[in-house]
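Next comes the sequence, and after it the predicted model I'd like to discuss.
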Amino acid sequence: MKKEQILLIVGGVLLVIGVVLSMMNGGADNTAIAQQATNAQEAALAISANNQKEIIMNAISMFLIGFGGVLIAIPALKFLKKKN
C-alpha cells in the first residue's frame with residue numbers, strides 16, 4: 001500500500017472519530033446539575049466539572065478533525081501537483 005493511501009485512510013478515520021466525538025459531546029444540562037445540588041458551592045463545583053469535561057472533549061474532537069483533515073489534504077495536494 002502506498003504512503004498516500006495510508007495517509008488517506010488514517011486521515012479519514014481520524015476525521016470520522018473527531019466528528020462523532022463532536023456530535024456526542026452534548027454534556028449534561030447545567031440547570032439540571034444545579035437543581036440536584038444541595039447548596040450553591042456543590043452546584044458550582046458540579047457545573048465546573050461538567051464544563052471542564054465538555055471543554056476537553058471539544059478540544060480532542062477539534063484536534064482529531066484538524067489532524068484528519070491535514071492527513072487527507074497532503075495526498076490530495078500531492079496528486080494535484082503531480083497532475084499539473
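Cool, got the structure. Residues are numbered from 1 along each chain as shown.

So for the protein, the centremost residue is which one?
By CA atoms, centre = their mean, the chain has its centre lying nearest to Ser61, at 0.7 Å.

Mind checking the pLDDT average for the helix or strand where Glu4 lies?
According to DSSP states H and E, Glu4 maps onto helix 3-24. What helix 3-24 shows for mean pLDDT is 93.

Next SSE downstream of it?
Next along from helix 3-24, by DSSP H and E: helix 30-36.

can you list contacts of that following helix?
With contact meaning CB atoms under 8 Å, 6 or more residues apart in numbering, helix 30-36 is reached by 43, 46-47, 50-51. No exception for glycine: its C-beta is placed from N, CA and C like everyone else's.

Distance to Leu7 added to those, as a markdown table?
Below are the contacts of helix 30-36 laid out as a markdown table (distance: CB to CB, whole Å):
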| residue | distance to Leu7 |
| --- | --- |
| Ala43 | 47 |
| Ala46 | 42 |
| Ile47 | 41 |
| Asn50 | 37 |
| Asn51 | 35 |
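
Filter the residues you listed down to the buried ones, ChimeraX style.
Buried residues within these, by 16 or more other CB atoms under 10 Å, are selected in ChimeraX with:
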select :43,46,47,50
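
Determine how far stretch 29-43 lies from the middle of the whole chain.
Distance of stretch 29-43 from the chain centroid (CA atoms, centre = their mean, to the nearest Å) equals 27 Å.

CA atoms only for it, dumped as PDB, please.
The C-alpha coordinates for stretch 29-43 follow below in PDB (Å, rounded to 0.1, in the frame of the first residue of the first chain):
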ATOM      1  CA  ASP A  29     -27.600  20.400  31.300                       C
ATOM      2  CA  ASN A  30     -26.100  22.800  33.800                       C
ATOM      3  CA  THR A  31     -29.600  23.600  35.100                       C
ATOM      4  CA  ALA A  32     -30.300  20.000  35.900                       C
ATOM      5  CA  ILE A  33     -27.000  19.700  37.600                       C
ATOM      6  CA  ALA A  34     -27.600  22.800  39.700                       C
ATOM      7  CA  GLN A  35     -31.100  21.600  40.800                       C
ATOM      8  CA  GLN A  36     -29.700  18.300  42.100                       C
ATOM      9  CA  ALA A  37     -27.200  20.100  44.300                       C
ATOM     10  CA  THR A  38     -27.900  20.800  48.000                       C
ATOM     11  CA  ASN A  39     -26.100  24.100  48.200                       C
ATOM     12  CA  ALA A  40     -24.600  26.700  46.000                       C
ATOM     13  CA  GLN A  41     -21.000  25.500  46.500                       C
ATOM     14  CA  GLU A  42     -21.900  22.000  45.500                       C
ATOM     15  CA  ALA A  43     -23.700  23.300  42.400                       C
END
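
Noted, bye for now.
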